[in-house]
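# Structure of the sequence below:
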Amino acid sequence: MRRNELDRRTFVMGSVGFGMAVLAGGMLAGCAAAEESAAAPEAPDRLEAPGSDGAESPVEAPEAALEPEAGGGRALVAVFSLSGNTLSVAERIAETTGADLFRIETTNAYPSDYDELTAQVRRENAEGFVPELAGAVPNWDEYDAVYLGHPIWWGRLPNVMRAFLLQHDLAGKAVAPFCTSGGSGIEGALADVRELYPEADLRESLALTRGSLPGALEKVQPWIGRLEF
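Take a look at the predicted model:
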């Protein structure tokens, strides 16, 4: 991808609680074991080692500079990340491609306590609500390609990402999904995206496990080369 004439920017967006209903949102099996997924939605495991403050220890992306991949359109990396695992992948993609980076965050942070976090996400699912988003990607229509990143929660797409997708139409864009998880694949999340956008131009996805980072970041550049953006 070629860089836009402007410097690559990092945007931040937030939410202000619960309030936006989504179709079939209550059917999404979800939990929030920080940045990871669990095999059984009834009793998610603690798949991340907590830090001294009760939060997950982030994975730092290597500092090596990469030459941006050549491309013909403007690209965006849009990522939701709690612990920093998925963010480390997003940063590597942005470094490699020269794409803009948009970090999706909630204004009212998710609880750092695991049990409270799980209860909140279960409430989102049961009530059919997702967090409201306070803003949107500037000049969304100007992007031709979107790298769409998130953790896997109980094998599915986090409700925060549903809210983002309901506000950002994927029509006419090439979409490259990527995720991190404790072991679950990306298939359930891809099904959720297709439910919202049946005609979306989804390209090859990239799924990395938390335990494979940061070494697995070396898989990012070959994956980008296969996308043909």
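# Mean pLDDT per helix and strand in the protein: which one sits at the bottom?
Each helix and strand of the chain was given a mean pLDDT (mean pLDDT, DSSP states H and E); the minimum falls on strand 18-21 at a mean of 35.
# can you give me the helices for the chain?
Secondary structure of the chain by DSSP state H: the helices cover 85-97, 114-127, 159-167, 187-196, 220-227.
# so what does the shortest one touch, helix or strand wise?
Using 3 or more C-beta pairs under 8 Å, 6 or more residues apart in numbering; DSSP states H and E as the contact criterion, the secondary-structure elements in contact with helix 220-227 are helix 85-97, strand 174-181. C-beta coordinates here come from the backbone N, C-alpha and C atoms, glycine included.
# and it, what's its mean pLDDT?
Here helix 220-227 scores 96 as its mean pLDDT.
# Next, the angle from that helix to helix 85-97.
60 degrees (axes from the mean of the first three to the mean of the last three C-alpha atoms, to 10 degrees).
# just the fourth one next, same as before
Orientation check (the same axes, to 10 degrees): helix 187-196 against helix 85-97 gives 70 degrees.
# do the longest one as well
Using the same axes, to 10 degrees, the direction of helix 114-127 lies 80 degrees away from that of helix 85-97.
# on contacts alone, who are the packing partners of helix 114-127?
Helix 114-127 packs on strand 18-21, helix 159-167, going by 3+ C-beta pairs under 8 Å, 6+ apart.
# do the fourth one as well
Contacting helix 187-196 under the criterion 3+ C-beta pairs under 8 Å, 6+ apart are the following elements: helix 159-167, strand 174-181, strand 201-202.
# now do 7 Å
strand 174-181 (3 or more C-beta pairs under 7 Å, 6 or more residues apart in numbering; DSSP states H and E).
# Other residues contacting the strand it packs on?
35-37, 85-86, 89, 144-152, 186, 189-190, 193, 200-210, 227, 229 (C-beta atoms under 7 Å, 6 or more residues apart in numbering).
# Direction included, what does that strand pair against?
Next to strand 174-181 in the sheet, as set by DSSP bridges, lie strand 145-151 (parallel), strand 201-202 (parallel), strand 206-209 (parallel).
# can you state the direction angle for it and helix 159-167?
170 degrees.
# quick one: average pLDDT of strand 174-181?
Averaged over strand 174-181, pLDDT sits at 97.
# List just the one of the helices and strands packed on helix 220-227 that sits closest to L217.
When these are compared by C-beta to C-beta, helix 85-97 sits nearest L217, at 4.9 Å.
# on that earlier part again, list only buried entries from the contacts of strand 174-181.
Buried members of the contacts of strand 174-181, scored by 16 or more other C-beta atoms under 10 Å, are 35-37, 85-86, 89, 144-152, 186, 189-190, 193, 200, 202-203, 205-210, 227, 229.
# Give me the buried positions along stretch 102-117.
102-106, 110, 114, 117.
# how about those residues in JSON lines, adding pLDDT and distance to L217?
Shown next, in JSON lines, are the buried residues of stretch 102-117 (pLDDT from 0 to 100; distance: C-beta to C-beta, whole Å):
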{"residue": "F102", "pLDDT": "96", "distance to L217": "20"}
{"residue": "R103", "pLDDT": "92", "distance to L217": "17"}
{"residue": "I104", "pLDDT": "91", "distance to L217": "20"}
{"residue": "E105", "pLDDT": "84", "distance to L217": "22"}
{"residue": "T106", "pLDDT": "79", "distance to L217": "26"}
{"residue": "Y110", "pLDDT": "82", "distance to L217": "25"}
{"residue": "Y114", "pLDDT": "83", "distance to L217": "26"}
{"residue": "L117", "pLDDT": "85", "distance to L217": "26"}
